[in-house]
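Engineer: quick one: sequence plus predicted model below, questions after.
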Amino acid sequence: MAFYEVEHSALLKSLQLLEPGVKLPSSFQLVTTYLNGAYSKSLCVMQVELEGQIVTIVTDGWTDMNGLAVINYVADARKKTYFLKSVYTGAQTHDAAFLAADIKRVIEKYDFLHVGAVVTDNIAANKSAWELLQPDFPRVFFYGCACHALHLLVKDAIFMMTWLNGLISSCKLIVSFFITKVWP
């Protein structure tokens, strides 16, 4: 939910049915005081829980429903995953130099993490980024995501099955409908 929605009168009325004396913070308070406090608390929790553990940084590039490019970063440790950062990259080309600099920035920002590996998508730019990063992080293992590789393999296999073209086109039409008509 967007922060400005907290100021919608229907939300306040609904919550006051459950708790008559409830007061909601302003969107400004949410964006500044509460968000900053929650972020600081989550960093403290992450530092305590990951003390002495080796983590894998996982990156995932994707496009949001508005067509904007995003890269997510998470730290994976044993049975728990910690969200680190989402980066909207705008018109920036995802070349090896940009990806390497961005991964390096994330590793250095969270310098309390003991990074043992970084896993990325298997695109050529990421593979080149690994080579750029390796001298700065000689003890970190850089590799491609097995699930992403499997996805690309299945995608290539389905592309070869021309009898599925009609179904694929219909599915794309349905997805396009929901993206353009249902979500503003």
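Structural biologist: Good, I have the coordinates.
Engineer: hey, let's count contacts and neighbours off CA atoms from now on
Structural biologist: Will do.
Engineer: so which residue is smack in the middle of the chain?
Structural biologist: Taking C-alpha atoms, centre = their mean, the centroid of the chain lies closest to N72, which sits 2.4 Å from it.
Engineer: would it count as being in a strand?
Structural biologist: Yes - using DSSP: H, G, I helix; E, B strand; the rest coil, the assignment for N72 is a strand.
Engineer: would you check that it makes contact with K85?
Structural biologist: Yes - if you go by C-alpha atoms under 8 Å, N72 and K85 touch, sitting 5.9 Å apart.
Engineer: please pull up the helix or strand immediately following the helix-or-strand element of the chain with minimal mean pLDDT.
Structural biologist: Lowest by mean pLDDT, DSSP states H and E among the helices and strands of the chain is helix 146-160, with a mean of 86. The helix or strand immediately downstream of helix 146-160 is helix 165-177, counting by DSSP states H and E.
Engineer: how does the protein divide into domains?
Structural biologist: 1-49, 53-144, 153-184 (automatic domain parsing).
Engineer: out of those, deepest packed?
Structural biologist: domain 53-144 (a mean of 16; mean count of other C-alpha atoms under 10 Å).
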